[in-house]
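Student: Got a sequence here, can you build the structure:
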Amino acid sequence: MNVEGQEKQANYNLYIILGAILGAVTGAGAGYLLIKRIEEGENLQLTAGDGIKLGGTIIAFLRQVSALGK
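Tutor: Numbers count the residues shown, from 1 in each chain. All right, here's what the predicted structure looks like:
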């Protein structure tokens, strides 16, 4: 592998690591917010519709991320 190929591979690895860290921090933040709502006495019920909305939002977010730099 030439130097340019090694630099590309290093960049790819960096993007994957940064994406994993960002995802972990976001997930931990969401969990923290849910725990706070439970501690305040709210009864959390996730319906199928809520799950579908959340999934659609995540897919839309991933599409926006994939369109960056175009």
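
Student: Give me the local confidence score for Met1.
Tutor: We have a pLDDT of 62 for Met1.

Student: whoops, Ala60 was the one
Tutor: 96.

Student: Off-centre distance for the helix or strand that contains Ala60?
Tutor: Using DSSP states H and E, Ala60 sits in helix 48-66. In this view, helix 48-66 has its centroid 10 Å away from the chain centroid, taken as Cα atoms, centre = their mean, to the nearest Å.

Student: Tell me which residue is most central in this structure.
Tutor: Compute the mean C-alpha point of the chain, and by Cα atoms, centre = their mean the closest residue is Gly23, 3.9 Å away.

Student: can you give me the angle the helix or strand in which that residue is found makes with helix 48-66?
Tutor: If you go by DSSP H and E, Gly23 is part of helix 3-39. Here helix 3-39 runs at an angle of 150 degrees relative to helix 48-66 (axes from the mean of the first three to the mean of the last three Cα atoms, to 10 degrees).

Student: Pull the distance from helix 3-39 to the chain's centre.
Tutor: For helix 3-39, the distance to the chain centre is 7 Å (Cα atoms, centre = their mean).

Student: by contact count, what packs against the helix-or-strand element of the chain with minimal mean pLDDT?
Tutor: Scoring the helices and strands of the chain by mean pLDDT, DSSP states H and E places helix 3-39 at the bottom, with a mean of 90. Judged by 3 or more Cβ pairs under 8 Å, 6 or more residues apart in numbering; DSSP states H and E, helix 3-39 has no packing partners among the helices and strands. Backbone N, C-alpha and C define where each C-beta goes, glycine included.
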